[in-house]
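J.: I would like to see how this sequence folds:
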Amino acid sequence: MSPLNTNFQPFPVIRTQRLLMREIGMHDVEASFRHRSDPELYKHLLRSPATHVSEAEDFIRRVMAAQQNGDGIHWGLELLENPGYMIGNIGIWQILKSDFRGVLGYMLEKEHHGKGYMSEALEEVIRYGFDTIGLHTIKADVTYGNFPSMKLLERHGFIQEAHFKDDCFKDGKFLDTVVYGMVNRNQLI
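T.: Numbers count the residues shown, from 1 in each chain. Predicted structure coming up:
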């Protein structure tokens, strides 16, 4: 197999029908904190919501370092009709180079749920992961009960590969996690 293309410079800006998918930077601390501190967005995540802006700064530093090192790539999401306002993010937050695998992650402000924005962005990330990076598989871990996320992945061709019972402990209770995966069927080995 050819080596992965994990050089993200210049950053690959993507335009969809309604979205601008662009690089995340320190100018996004306020928006990132708004997302990361929202308890509603974190009810299905294994982490607790952020309580201090420094946690958003740390997230952005990790995103920037991963991109610099070729270990991951994240896009900030803006509506084309409202430039400069980040409504969420999506990315292949971890690239496991030796396995040709990427791990997907995404978050969207709740007022934009159910409008197809994440579906639009996910389609582009899948394409970028397989066609540009050269990944063989993309996976996503979801807390069982996050049915909108599970349905989103299934609509895009992800297959449930595992269901782990009482896999994680959060807020005094054990939670199940579900692993979804997609194989790049167009890739020759």
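J.: other residues contacting the worst-scoring helix or strand of the chain on mean pLDDT?
T.: Across the helices and strands of the chain, mean confidence by mean pLDDT, DSSP states H and E is lowest for helix 39-42: a mean of 76. Here helix 39-42 makes contact (C-beta atoms under 8 Å, 6 or more residues apart in numbering) with H35, R36, S48, P49, M107, E109, K110. C-beta: built from backbone N, CA, C; applies to glycine.
J.: can you give me the end-to-end span of stretch 139-157?
T.: As for stretch 139-157, its first-to-last residue distance stands at 11 Å under the measure C-alpha to C-alpha, to the nearest Å.
J.: buried ones in that stretch?
T.: Residues K139, A140, D141, V142, T143, N146, S149, M150, L152, L153, H156 are the ones in stretch 139-157 that count as buried (16 or more other C-beta atoms under 10 Å).
J.: please apply the same query to stretch 17-27.
T.: By 16+ other C-beta under 10 Å, the buried positions in stretch 17-27 come out as L19, L20, M21, R22, E23, I24.
J.: and the residues you listed as CSV, adding pLDDT and secondary structure?
T.: Supplementary listing: the buried residues of stretch 17-27 in CSV, determined by pLDDT from 0 to 100; DSSP: H, G, I helix; E, B strand; the rest coil:
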residue, pLDDT, secondary structure
L19, 98, strand
L20, 98, strand
M21, 98, strand
R22, 98, strand
E23, 98, strand
I24, 97, coil
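J.: still on that earlier bit, from the contacts of helix 39-42, which ones fall inside helices?
T.: Among the contacts of helix 39-42, DSSP state H puts H35, R36 in helices.
J.: show me which of the contacts of helix 39-42 are buried.
T.: H35, R36, M107, E109.
J.: what's the farthest-apart pair in the residues you listed?
T.: Pairwise distances among these were taken by C-beta to C-beta; the largest, 11.2 Å, belongs to R36 and E109.
J.: distance-wise, check the closest residue to H156 other than its chain neighbours relative to L77.
T.: If you skip the residues right next to it in sequence, H156 has L122 as its closest partner in space, 5.6 Å away by C-beta to C-beta, 6 or more residues apart in numbering. Here the distance between L122 and L77 works out to 11 Å (C-beta to C-beta, to the nearest Å).
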